[in-house]
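# Curious how this folds, go ahead:
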Amino acid sequence: MITDIDAGLLQKIADLTGKPVGAFNIRKDSGCEARQSTEHIAIDARADGKPGIDIHIKPGTRGEKCYIPVIISKTGLSELVYNDFYVGDDCDVDIIAGCGIHNSGCDESRHDGIHTFHIGKNSKVRYVEKHFGEKDPGQTGGNIMNPKTVVYLGENSSMQMETVQIRGIDSTKRETEFHCEAGSEVVVTERLLTHGRQEAESDMLIELNGHDAKGRVISRSVAQDSSHQVFRPVVVGNAQCFGHVQCDSIIMGSARIESVPAITANCPDAQLIHEAAIGKIAGDQLLKLETLGLTPEEAEDTILKGFLA
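Model (predicted):
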């Protein structure tokens with residue numbers, strides 16, 4: 001049964017209001033709350049008995065969406081889930097994941113998810129993963145999420161991956177891998193905000209193995225209060241390819257940020273670039289907004305929203 005709390009989580013992590021259209025699997029408190037396959041997208045429990053699902057998308061599937069959100073509303077619950085995606089050739093699909101936790105007690109609630117994608121030739125996948133956490137007033141239970149994503153891109157395929165974590169997650173360790181064949185392309189957009197004493201760590205590897213493979217990473221983060229962030233993106237060029245990593249961060253309060261991009265070229269025709277910048281909000285930006293009638297707090301919030309948009 002979907003409660004009002006569950007509905008709020010689903011709206012925040014997957015923009016869902018009511019029953020989704022198309023294929024979906026809604027996981028709640030380590031169980032399957034609802035599931036629906038379509039003519040072209042099949043969602044089944046894993047054959048190997050591990051917790052999680054297998055998603056098979058038929059070759060030529062276009063214009064369809066698949067929703068696989070996870071919600072946790074029990075304090076003290078911990079789970080490890082395995083989801084495998086098999087995308088056929090010549091597809092163009094959206095996959096909307098994400099995890100929301102509502103912790104109503106003093107025990108740790110934790111979701112660890114391992115997603116593996118096998119993307120066929122000439123296919124396009126847009127993958128969105130949003131994380132959100134909240135607690136009942138006065139409760140101290142931690143909200144923990146540790147996602148791992150491994151993607152195998154076939155020839156001339158592409159993935160646009162968008163990850164968002166804005167408030168409420170006390171600790172997260174993210175691992176991401178892309179293995180790119182000839183003509184394939186991956187574009188990763190990462191947005192992150194930490195506050196309080198939150199910890200966020202992200203390790204990313206992009207292997208550009210095939211001729212004319214491309215990889216781009218755009219990371220924007222804000223660290224407030226006493227939070228701590230670590231981002232280690234690595235791009236490896238093993239053929240004629242192009243890779244670009246851009247990391248921009250705003251640091252506030254007594255927060256700490258480590259941004260450690262790395263590039264490795266194992267082919268003379270590999271073109272790889274990395275950029276990283278960390279700084280505070282410019283005083284003239286705040287002053288300009290305050291002269292327009294905003295309070296200092298409103299001016300700061302406006303700048304942060306624009307930066308993370």
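# Could you pull out the strands in the stretch 151-300 of the chain for me?
With strands called from DSSP state E, counting those that start in this stretch, the stretch 151-300 of the chain shows them at 158-166, 171-180, 185-194, 199-208, 213-223, 228-237, 241-251, 256-259, 262-265, 270-279.
# could those strands go into a markdown table alongside mean neighbour count, mean pLDDT and distance to residue 285?
C-beta here means a position set from N, CA and C on the backbone, and glycine is covered the same way. Formatted as a markdown table, the strands of the stretch 151-300 of the chain follow (neighbours: other Cβ atoms under 10 Å; pLDDT from 0 to 100; distance: least, Cβ to Cβ, whole Å):
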| stretch | mean neighbour count | mean pLDDT | distance to residue 285 |
| --- | --- | --- | --- |
| strand 158-166 | 20 | 94 | 21 |
| strand 171-180 | 20 | 98 | 29 |
| strand 185-194 | 21 | 97 | 18 |
| strand 199-208 | 21 | 98 | 25 |
| strand 213-223 | 22 | 97 | 14 |
| strand 228-237 | 21 | 98 | 22 |
| strand 241-251 | 21 | 97 | 11 |
| strand 256-259 | 17 | 97 | 19 |
| strand 262-265 | 15 | 98 | 31 |
| strand 270-279 | 15 | 96 | 11 |
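# Next, format these as TSV and append distance to residue 49.
Formatted as TSV, the strands of the stretch 151-300 of the chain follow (distance: least, Cβ to Cβ, whole Å):
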stretch	distance to residue 49
strand 158-166	28
strand 171-180	24
strand 185-194	31
strand 199-208	29
strand 213-223	35
strand 228-237	34
strand 241-251	38
strand 256-259	39
strand 262-265	38
strand 270-279	42
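# closest one to residue 291 among the ones you listed?
strand 241-251 (21.2 Å; Cβ to Cβ).
# what's residue 37 in contact with, if anything?
Neighbouring residues of residue 37 by Cβ atoms under 8 Å, 6 or more residues apart in numbering: 23, 43-44.
# neighbour-wise, which of the residues you listed leads?
The most crowded member of the contacts of residue 37, judged by other Cβ atoms under 10 Å, is residue 23 (24 neighbours).
# tell me the phi and psi of the spatially closest residue to that one that is not a sequence neighbour?
Among residues not flanking residue 23 along the chain, residue 41 sits closest, at 3.8 Å (Cβ to Cβ, 6 or more residues apart in numbering). Per-residue torsions, residue 41: phi -130, psi 120 (degrees, to the nearest 10).
# picking that back up, which members of the contacts of residue 37 are positioned in strands?
When DSSP state E is applied, the contacts of residue 37 are split such that 23, 43-44 fall in strands.
# tell me which helix or strand of the chain sits lowest on mean pLDDT?
Lowest on mean pLDDT, DSSP states H and E among the helices and strands of the chain sits helix 283-291, with a mean of 88.
# which other helices and strands contact it?
With contacts taken as 3 or more Cβ pairs under 8 Å, 6 or more residues apart in numbering; DSSP states H and E, helix 283-291 sits against helix 296-308.
# tell me the angle the least confident helix or strand of the chain makes with helix 296-308.
Counting by axes from the mean of the first three to the mean of the last three Cα atoms, to 10 degrees, helix 283-291 lies at 120 degrees to helix 296-308.
# mind checking how far helix 283-291 is from the chain centre?
In terms of Cα atoms, centre = their mean, to the nearest Å, the centre of helix 283-291 is set 32 Å apart from its chain centre.
# picking up where we left off before, which one of the strands of the stretch 151-300 of the chain lies nearest to residue 74?
Across the strands of the stretch 151-300 of the chain, residue 74 has its closest neighbour in strand 171-180 (18.2 Å, Cβ to Cβ).
# Before we move on, what's the pLDDT of residue 17?
Per-residue pLDDT puts residue 17 at 91.
# Would you double-check that it falls in a helix?
No - counting by DSSP: H, G, I helix; E, B strand; the rest coil, residue 17 is located in no helix; its state is coil.
# That one is in contact with residue 11, isn't it?
Yes - the pair residue 17 / residue 11 is scored as a contact, 5.9 Å apart, by Cβ atoms under 8 Å.
# quick revisit: got the contacts of residue 37 as TSV, with distance to residue 152 columns?
Below are the contacts of residue 37 laid out as TSV (distance: Cβ to Cβ, whole Å):
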residue	distance to residue 152
23	21
43	20
44	20
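# pLDDT added to these, as JSON lines?
Formatted as JSON lines, the contacts of residue 37 follow (pLDDT from 0 to 100):
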{"residue": "23", "pLDDT": "98"}
{"residue": "43", "pLDDT": "98"}
{"residue": "44", "pLDDT": "98"}
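# hmm, back to that, the more surrounded of residue 17 and residue 11?
Taking neighbours as other Cβ under 10 Å, residue 17 and residue 11 compare with residue 11 leading, 14 against 9.
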